[in-house]
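Participant: Build the 3D model from these lines:
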Amino acid sequence: MKIETRSLNTHDRATLQTLITGISSFDTEDQSIALELVDFAIEHPDKKEYMFLLANNDDDQLVGYACFGPTPITQGTYDLYWIAVDPDWSSMGIGTRLLKAVEESIQTCQGRMLLIETSSSQNYDRTRWFYIKNGYELIETIPDFYRPGEDRVTYLKRFPPAG
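Facilitator: Now for the predicted structure:
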């Protein structure tokens with residue numbers, strides 16, 4: 001199976017919407033926010049606040065995506081906003097390939113680190129395990145951040161200096 005990553009194009013919006021609404025751990029608010037970022041990136045291609053990498057399979061079918069960007073007022077710090085794989089294609093290494101492509105892109109831009117925030121909710125157990133499996137360190141937990149009983153969990157990976 002060959003997976004290729006590529007940049008976002010304007011014609012990707014409908015396919016991304018289908019993928020995003022098919023992710024069971026994304027509630028309607030998550031889906032709305034994820035699509036807002038897609039729309040922003042499509043409408044403002046010159047701005048680099050939200051960068052996208054899309055994963056396509058051998059048949060040029062969109063099977064996953066990641067959205068990331070530089071953290072405002074920092075030097076070389078980036079945030080991963082979303083990473084998602086079509087449920088029909090999960091557990092095939094696509095998420096790991098996307099995350100590695102994001103890391104490479106960040107390092108190409110002299111990025112020093114990538115931060116990832118997620119929920120402590122049981123719906124995100126596999127997500128948290130995925131980040132740890134890919135070398136991310138748990139650096140903070142903010143109790144009751146999202147709502148009572150649902151913490152914000154933050155992971156970090158540092159990159160070696162360029163050169």
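Participant: next one: phi and psi at the nearest residue to I23 once chain neighbours are set aside?
Facilitator: Counting by CB to CB, 6 or more residues apart in numbering, A84 is the residue found nearest to I23 once chain neighbours are left out, at 5.1 Å. No exception for glycine: its C-beta is placed from N, CA and C like everyone else's. Here is the backbone geometry of A84 (degrees, to the nearest 10): phi -150, psi 150.
Participant: ok, now which ones touch A84?
Facilitator: L19, I20, I23, F26, A34, G64, Y65, A66 (CB atoms under 8 Å, 6 or more residues apart in numbering).
Participant: That one bridge partners, please.
Facilitator: Beta-bridge partners of A84, counted by DSSP bridges, are Y65.
Participant: what's the distance between it and G93?
Facilitator: If you measure A84 against G93 using CB to CB, to the nearest Å, the figure is 15 Å.
Participant: any chance you could map the helices in the chain?
Facilitator: Here the chain has its helices, by DSSP state H, at 13-21, 28-43, 94-108, 125-133.
Participant: Reformat these as JSON lines; add mean neighbour count, mean pLDDT and distance to P70.
Facilitator: Converted to JSON lines, those look like this (neighbours: other CB atoms under 10 Å; pLDDT from 0 to 100; distance: least, CB to CB, whole Å):
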{"stretch": "helix 13-21", "mean neighbour count": "16", "mean pLDDT": "92", "distance to P70": "21"}
{"stretch": "helix 28-43", "mean neighbour count": "14", "mean pLDDT": "92", "distance to P70": "14"}
{"stretch": "helix 94-108", "mean neighbour count": "18", "mean pLDDT": "95", "distance to P70": "9"}
{"stretch": "helix 125-133", "mean neighbour count": "15", "mean pLDDT": "95", "distance to P70": "20"}
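Participant: Nearest to K157, out of the ones you listed?
Facilitator: Closest of the helices of the chain to K157 is helix 94-108, at 7.1 Å (criterion: CB to CB).
Participant: So what's the gap between that closest one and the chain middle?
Facilitator: Relative to the centre of its chain, helix 94-108 is centred 10 Å away, using CA atoms, centre = their mean, to the nearest Å.
Participant: any idea how far the closest residue to D151 other than its chain neighbours lies from V85?
Facilitator: Leaving aside its chain neighbours, D151 sits nearest to S120 (3.8 Å; criterion: CB to CB, 6+ apart). The gap separating S120 from V85 is 21 Å, by CB to CB.
Participant: So those two - more neighbours on which side?
Facilitator: Neighbours around S120 and V85, counted as other CB atoms under 10 Å, are more numerous at V85. The numbers are 23 against 19.
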